[in-house]
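Participant: could you work out the structure for the sequence below:
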Amino acid sequence: MSSSISACEISSSKLPWKYRLLLRLGTIITDACCRSNFTVNRWLTGILDWKIPPSTKPIDGVSSFDLTIDTSRNLWVRIFNPIIDGEHPNLQSVPVIFYFHGGGFVFSYADSALFHMAAHRLAKQLHAVVISVNYRLAPEFRCPCQYDDGFDAVKFIDETDEGILPEKADLSRCFILGESAGGNLGHHVAVRASEYTFKKLKLIGFIASQPFFGGEERTESEMRLRNQPPLSLRLCDWFWKAFLPEGENRDHAAANVFGPNGRDVSEVVKFPATVVFVGELDLLQDGQRKYYEGLKRMGKNVKMVEFPNAIHGFFAFWDLPQYSSMIKEMKDFIATEFHNSPPLIVHGSS
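Facilitator: Here you go, the predicted structure:
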């Protein structure tokens, strides 16, 4: 126990004081919201979860609007459109990124301040149309509801009229970007999408940023960093209990995707090129490496990028060097796959 506490103290000491304070506050709030019977205090989360409305008027170079898919399950997307004509006047098309936020499948929405701002920055910095999906949350809605919502959002966009998306949005060159639980969700949506025949949409890339995978067998990094904020091993276990179908354990295919009950995706021919982001101080790192190795073993186009001194969820700390490095890696990956995949359809073309 002393070694894990020491790791926690060392990693926290490398962060600016404002982030150390946010991590401590976040831990207190999360503990207060997660009940011992694996339910969530939604009254408290409703008070603390600050929402940001969309803005059709550009803010810092990005406009946004919401699009309803299914009111019965509160399935909708927020679409972020970067204003890039002045900066890149000769750009004929831009990629479309389906963004799945984190939160252990339990917390946050597409309009939650943290994830609205994250998607806004991604649209601006990656020069891409970002579609942030508001999926249902556990434990009220357990697996596979989140996967159904994610895939249905992709299908809905494929079937919409061309005038809905910005003119330069190129649906023939789409990406999935998922963070933490969103990375897990992104994998399962990518598998479904790879086996589906879309009308005009083509998925060419998957960015799995610190994806949330697990298994019954404890990994070395889980034990070594089990008390590391913001994601402790105890909280991971709580999330899995709240998310997985009743009676299932962490070797369920949703959590341990290449484990004893997982699926061999070697026959999924159209699975997109993938990059996996791993943080040195993330207790999930061994599971993320296992995911990378599994895709590689199954013959997929995959690479892994490790970020030193990076805790879980470092994507939220926009003024840290690890964030800038992550954006550069995203840009390089998107540029490579975007230019290697010839456009099939460009909105606005005759």
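
Participant: mind listing the strands in the stretch 201-350 of the chain by residue range?
Facilitator: Counting by DSSP state E, counting those that start in this stretch, one finds strands in the stretch 201-350 of the chain at the ranges 203-209, 273-281, 302-311.

Participant: can you give me the buried ones in the longest helix anywhere in the chain?
Facilitator: Looking across the chain with DSSP state H, the single longest helix is helix 321-340. Neighbour-count burial for helix 321-340 flags 322-323, 325-327, 329-330, 333-334, 337-338 (criterion: 16 or more other C-beta atoms under 10 Å). For the C-beta atoms, the positions are set from N, CA and C on the backbone; glycine is no exception.

Participant: tell me the centre residue of the protein?
Facilitator: residue 178 (1.8 Å; C-alpha atoms, centre = their mean).

Participant: the helix or strand where that residue lies to strand 273-281, inter-axis angle?
Facilitator: Using DSSP states H and E, residue 178 sits in strand 169-179. Here strand 169-179 points in a direction 30 degrees away from that of strand 273-281 (axes from the mean of the first three to the mean of the last three C-alpha atoms, to 10 degrees).

Participant: need the max-distance pair from the buried residues of helix 321-340.
Facilitator: 322 and 338 (24.0 Å; C-beta to C-beta).

Participant: hang on, the earlier thing: save the strands of the stretch 201-350 of the chain as TSV, and put in mean neighbour count, mean pLDDT and distance to residue 186 too.
Facilitator: Shown next, in TSV, are those (neighbours: other C-beta atoms under 10 Å; pLDDT from 0 to 100; distance: least, C-beta to C-beta, whole Å):
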stretch	mean neighbour count	mean pLDDT	distance to residue 186
strand 203-209	26	98	6
strand 273-281	23	97	9
strand 302-311	18	96	13
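
Participant: now render those strands as a markdown table, adding distance to residue 158.
Facilitator: Shown next, in a markdown table, are the strands of the stretch 201-350 of the chain (distance: least, C-beta to C-beta, whole Å):
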| stretch | distance to residue 158 |
| --- | --- |
| strand 203-209 | 10 |
| strand 273-281 | 20 |
| strand 302-311 | 25 |
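
Participant: mind checking these for the one nearest to residue 196?
Facilitator: That would be, of those and by C-beta to C-beta, strand 203-209, which comes in at 9.4 Å.

Participant: quickly run through the sheet partners of that closest one, with directions.
Facilitator: strand 169-179 (parallel), strand 273-281 (parallel) (DSSP bridges).

Participant: now do the helix or strand containing residue 156 and strand 203-209, the angle between them.
Facilitator: Using DSSP H and E, residue 156 falls within helix 145-159. Relative orientation of helix 145-159 and strand 203-209, computed by the same axes, to 10 degrees: 140 degrees.

Participant: got any ranges where this protein has weak pLDDT?
Facilitator: Where the chain drops to pLDDT under 70, the residues are 1-13, 85-90, 344-350.

Participant: try it again with 50
Facilitator: Filtered on pLDDT under 50, the chain yields the residue ranges 1-10, 13, 345-350.

Participant: need the helices for it, in chain order.
Facilitator: 2-13, 17-33, 42-48, 113-126, 145-159, 181-194, 220-224, 233-243, 285-297, 321-340.

Participant: and the last one with helix 113-126, angle?
Facilitator: Going by the same axes, to 10 degrees, helix 321-340 is angled at 50 degrees with respect to helix 113-126.

Participant: tell me what helix 321-340 is packed against?
Facilitator: The criterion is 3 or more C-beta pairs under 8 Å, 6 or more residues apart in numbering; DSSP states H and E, and the helices and strands that helix 321-340 contacts are strand 94-100, helix 113-126, strand 169-179, strand 203-209, strand 273-281, strand 302-311.

Participant: quick one: which of the strands of the stretch 201-350 of the chain is nearest residue 296?
Facilitator: The nearest among the strands of the stretch 201-350 of the chain, by C-beta to C-beta, is strand 302-311 at 5.5 Å.

Participant: mind listing the strands the closest one pairs with, and their directions?
Facilitator: strand 273-281 (parallel).

Participant: what comes into contact with the partner strand?
Facilitator: Under the criterion C-beta atoms under 8 Å, 6 or more residues apart in numbering, residues 7, 11, 190, 204-211, 225, 228, 285, 288-289, 291-292, 295, 300-312, 314, 322, 326, 329, 333, 337 lie in contact with strand 273-281.
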